[in-house]
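J.: need coordinates for the below:
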Amino acid sequence: MLETSGRLLTLLSLLQARRDWPGLALADRLGVSPRTVRRDVDRLRELGYPVQATKGPDGGYRLDAGSELPPLLFDDEQAVAVAVALRTAQAPGVEEAAVRALATIRQVMPARLRARLDALEVTSVPRGRRERDLPHVAPDVLLAVGTAIRAREVLRFDYEGGSGEVMGTGDQAFRPPRRAEPYHLVTWGGRWYLVAYDLEREDWRTFRVDRMAPRTPTGPRFAPRELPAPDVSAFIAQRFSRPSSPVEGEAVLHARAQDVAPWVGERGTVEELPDDELDGRPRCRLVMGSWSWTGRASHLALFEVPFEIVGPPELRDAAAELAERYRASTERAR
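T.: Alright, predicted model coming up:
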């Protein structure tokens, strides 16, 4: 169904870009048979698009001018997903085409959805390696965050795995919603981040959007602060980028990210995780490079907290070898 819908959009775009199209030329551009083109034209007619057959040696098609185009056959979530994908298109040579396609889709969107999409401004910051198993971000969350940014309203949200103050005790313990002045949405490494000024911590922060649950109503309006960087891309580069290392490994540490980060600096990235479900201990993910796998394994012991090695296998092997060296050295000393 997605393949057919995408082909119909391409066919419609071609018919809008040129007055007359020979049937064989359309089939060649779409990579299908002339019979498939005829079926697709019939589908467009059923949807209300005034596609006329033209006479000639090969026969062809023309989209009549002066008619109002019917709305796209996407639900709200699909329309937003397509628009966001076009807005963040990064492949060389397609940026201009993506802008034109976005303008076409926006033109036939319902007014209510068009206004929400206009509020969704995104910067895509390139990263050399894209992570696997990326989390899903709900379009309604993106729209809620984008609307708050455009309106310059304080965003209130619950944040999974956050390290905010815990209120109450025992079964009644809870974390109050976070409060931040949203600045801009960013994609980096395939993940969505909100760059915002955290009102509780009185500092600039990045929040994973897939972990946010915006609350309504939003807070009061605010005057935008000056970002502590030339632009959003530079800000993300300062927060996330790090010097390249021969090897890089990942581990989960039983500690708060805010306690680990000062000892990592630009050599790695630290990300807060939800507390351990069994014992409630804080956790964070540490991705860090080193000159060797043994060197990377030795770094983990410096934090003086329990940890689990996520990978890669070379890091686990180096940790096991290092542990054996320590064991052997203590036995010889007895």
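
J.: can you list the buried residues in the helix or strand that contains residue 328?
T.: Per DSSP states H and E: residue 328 is located in helix 313-332. Under the neighbour-count criterion of 16 or more other C-beta atoms under 10 Å, helix 313-332 has 315-316, 318-319, 322 buried. For the C-beta atoms, the positions are set from N, CA and C on the backbone; glycine is no exception.

J.: again with stretch 294-303
T.: Residues of stretch 294-303 classed as buried: 294, 296-297, 299-300, 303 (neighbour count, 16+ other C-beta under 10 Å).

J.: what sits up against it?
T.: Outside of stretch 294-303, the residues within contact range by C-beta atoms under 8 Å, 6 or more residues apart in numbering are 247-249, 251, 253, 255, 260, 263, 288-290, 307, 309, 315, 318-319, 321-322.

J.: returning to that earlier point: in JSON lines: the buried residues of helix 313-332, plus pLDDT and distance to residue 277.
T.: JSON lines is the format used below for the buried residues of helix 313-332 (pLDDT from 0 to 100; distance: C-beta to C-beta, whole Å):
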{"residue": "315", "pLDDT": "92", "distance to residue 277": "25"}
{"residue": "316", "pLDDT": "92", "distance to residue 277": "23"}
{"residue": "318", "pLDDT": "92", "distance to residue 277": "29"}
{"residue": "319", "pLDDT": "92", "distance to residue 277": "24"}
{"residue": "322", "pLDDT": "90", "distance to residue 277": "29"}
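
J.: ok, those vs residue 148, which is closest?
T.: Taking C-beta to C-beta as the measure, residue 315 is the one of these closest to residue 148, at 40.1 Å.

J.: how far away is that closest one from residue 260?
T.: Per C-beta to C-beta, to the nearest Å, residue 315 is found 17 Å from residue 260.

J.: what is the end-to-end distance of stretch 215-222?
T.: 17 Å (C-alpha to C-alpha, to the nearest Å).

J.: I'd like the mean pLDDT over it, please.
T.: Regarding stretch 215-222, the rounded mean pLDDT is 92.

J.: what do you get for stretch 119-129?
T.: Per-residue pLDDT over stretch 119-129 has a mean of 68.

J.: again with stretch 139-153
T.: pLDDT averaged over stretch 139-153 gives 89.

J.: list the buried residues of that stretch.
T.: 139, 141-149, 153.

J.: what about the helices in the stretch 1-150 of the chain?
T.: Using DSSP state H, counting those that start in this stretch, the helices of the stretch 1-150 of the chain run over 2-17, 23-30, 34-46, 76-87, 95-107, 111-118, 139-151.
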